[in-house]
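Undergrad: Quick one: sequence plus predicted model below, questions after.
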Amino acid sequence: MNYLDTIKNIGKDPKRKKENLILLLILLVILLISIKYIFNEDKTEKETIVEKEVDEQTSSNTTLEEKLSEIINQISGITEASIVINYTNNGSNDIVYDTKETLNEQGNVLSIEKSVAYNEEDGNKTAIIQMYNTPSVEGVIVVGKGVENSDIKQRLSTAIGNLLGIASYKVQIFEK
């Protein structure tokens, strides 16, 4: 007897009807729990990879501040320069997704399944990024010794504004 015949005959035997229905119900619950566990584990892995990429981008913003501080400290007469850059957003990644559509007999879409497309190198998975939207700089504050001269302030704010692509009035410079 095959499995289909067994399933069809579950309700026909009055002696084992209750036992078979309870067994079938238990198997269905186990199947549902295992499916939920499998799909949740997959989502957690995808979320972790995307979070790592956002963390890498945030750290690159910090390194931009550090690089600017180093450059400003190299200017004659300016020492102990610190810089803070204010962003309107942290930037975002447009991630590539693999999509799979399920159609019915009439050609209508029943469901769409999306999953993140990955590159795998040396066992490390990284999401494929279609486009990176850079964070928008809202303003910059520079604090340092030797910036009391208005000419130095003007040249410094113009240089930082040109580098970051913002208006020079969005750069504020203060003496330490």
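TA: Thanks, I have the structure now. Numbers count the residues shown, from 1 in each chain.

Undergrad: all contacts plus neighbour counts: C-alpha atoms, from now on.
TA: Fine.

Undergrad: Would you map out the domains in this protein?
TA: Per automatic domain parsing, the structural domains of the chain span 3-91+134-175, 92-132.

Undergrad: Dump these into TSV; add mean neighbour count as well.
TA: Converted to TSV, those look like this (neighbours: other CA atoms under 10 Å):
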stretch	mean neighbour count
domain 3-91+134-175	14
domain 92-132	12
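
Undergrad: Same list, these, but as a markdown table with mean pLDDT please.
TA: Shown next, in a markdown table, are the domains of the chain (pLDDT from 0 to 100):
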| stretch | mean pLDDT |
| --- | --- |
| domain 3-91+134-175 | 77 |
| domain 92-132 | 78 |
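
Undergrad: tell me the contacts of F174?
TA: Contacts of F174 were listed using CA atoms under 8 Å, 6 or more residues apart in numbering, and they are 141-144, 147-148.

Undergrad: for I85, that is, sorry about that
TA: Per CA under 8 Å, 6+ apart, neighbours of I85: 65, 137-141.

Undergrad: Quickly find the element holding it.
TA: strand 79-87 (DSSP states H and E).

Undergrad: Packing partners of the helix or strand following that strand?
TA: As assigned by DSSP H and E, the chain's next helix or strand after strand 79-87 is strand 92-95. In terms of contacts (3 or more CA pairs under 8 Å, 6 or more residues apart in numbering; DSSP states H and E), strand 92-95 is packed against strand 129-133.

Undergrad: looking at this, V147 is in a strand?
TA: No. According to DSSP: H, G, I helix; E, B strand; the rest coil, V147 belongs to no strand; its state is coil.

Undergrad: Check the gap between the residue lying closest to it once chain neighbours are set aside and A81 for me.
TA: Nearest residue to V147 in three dimensions, chain neighbours excluded: E175, at 5.6 Å (CA to CA, 6 or more residues apart in numbering). Distance from E175 to A81, counting by CA to CA, to the nearest Å: 9 Å.

Undergrad: helix or strand for K153, which one?
TA: Secondary structure from DSSP H and E places K153 in helix 150-164.

Undergrad: Which residue, other than its chain neighbours, is closest to Q172?
TA: Q172 sits nearest to I141 (CA to CA, 6+ apart), 4.9 Å away.

Undergrad: check contacts around the one you found.
TA: Neighbours of I141 in contact, by CA under 8 Å, 6+ apart: 83-85, 171-174.

Undergrad: can you pull out the strands in this protein?
TA: Per DSSP state E, the chain carries strands over the ranges 79-87, 92-95, 97-103, 109-116, 118-121, 124-127, 129-133, 137-145, 171-175.
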